[in-house]
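Student: Pasting a predicted model and its sequence here:
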Amino acid sequence: MPKVLIVDDEPGVARALQRTLRGAFDVQVASCPIAAMLETFAPDVVISDFKMPGMSGVELLSQVQQRMPLCVRVLLSGETDSASMEMSLSRGLVARFLHKPWDDDLAEVVAGILPKGEAA
């Protein structure tokens, strides 16, 4: 089962994402970017909030890209910062930029961005 790491400083949002993806994926939650760097979980996908204290989602996913280049990276934001979205997508930093609130078919979206053969 593919592993998904959710990084969001808002516990309610993180739990909602976890509930949405549970069953289709092995899901872990980190409440801060530093905790997310624990590589013992070795996620296939990291979904990170855009705005967090201490480190932005873009900075976190950049570190994830360096440490785990095969890991699929998704940026989640309640804001419409199109410049950051375009930059992240054009640089190949993220595979997908999702807006809060997300669609109920989030599990299908995540499964669709996994490399073939890894989908649940």
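Tutor: Arrived safely, thanks for sending.

Student: do you know how far Leu75 is from Gly92?
Tutor: Distance from Leu75 to Gly92, counting by Cβ to Cβ, to the nearest Å: 12 Å. Heads up, the C-betas are built off the backbone N, CA and C, glycines and all.

Student: should've said Arg15
Tutor: 30 Å.

Student: neighbour-wise, which of these two wins?
Tutor: Neighbour comparison, Arg15 and Gly92: the larger count goes to Arg15, with 13 against 9 (by other Cβ atoms under 10 Å).

Student: ok, what's across the strand from Val7?
Tutor: Beta-bridge partners for Val7, by DSSP bridges, are Ala30, Ser48.

Student: An error on my part: the question was meant for Phe25.
Tutor: On the basis of DSSP bridges, Phe25 is bridged to Arg22.

Student: contacting residues for the residue most central in space within the chain?
Tutor: The residue lying closest to the centre of the chain (Cα atoms, centre = their mean) is Ile47, at 0.8 Å. Taking Cβ atoms under 8 Å, 6 or more residues apart in numbering, we find Ile47 in contact with Val4, Leu5, Ile6, Val7, Leu17, Val74, Leu76, Leu98, Val110.

Student: The last one and Met55: what is the separation?
Tutor: Between Val110 and Met55 the computed distance is 22 Å (Cβ to Cβ).

Student: out of those two, which sits in the more crowded spot?
Tutor: Between Val110 and Met55, Val110 has the larger neighbour count (other Cβ under 10 Å), namely 27 against 17.

Student: State the helix or strand in which the more buried one lies.
Tutor: helix 106-113 (DSSP states H and E).

Student: how about that helix: buried residues?
Tutor: Buried residues in helix 106-113, counted by 16 or more other Cβ atoms under 10 Å: Leu106, Ala107, Val110, Ala111.

Student: closest to Arg67 among those residues?
Tutor: Using Cβ to Cβ, Val110 comes nearest to Arg67 of these, at 20.2 Å.

Student: Tell me where this structure has strands.
Tutor: With strands called from DSSP state E, the chain shows them at 3-7, 26-30, 45-49, 72-77, 96-99.

Student: returning to that earlier point: where is pLDDT lowest across the contacts of Ile47?
Tutor: Within the contacts of Ile47, pLDDT reaches its minimum at Leu98, with 84.
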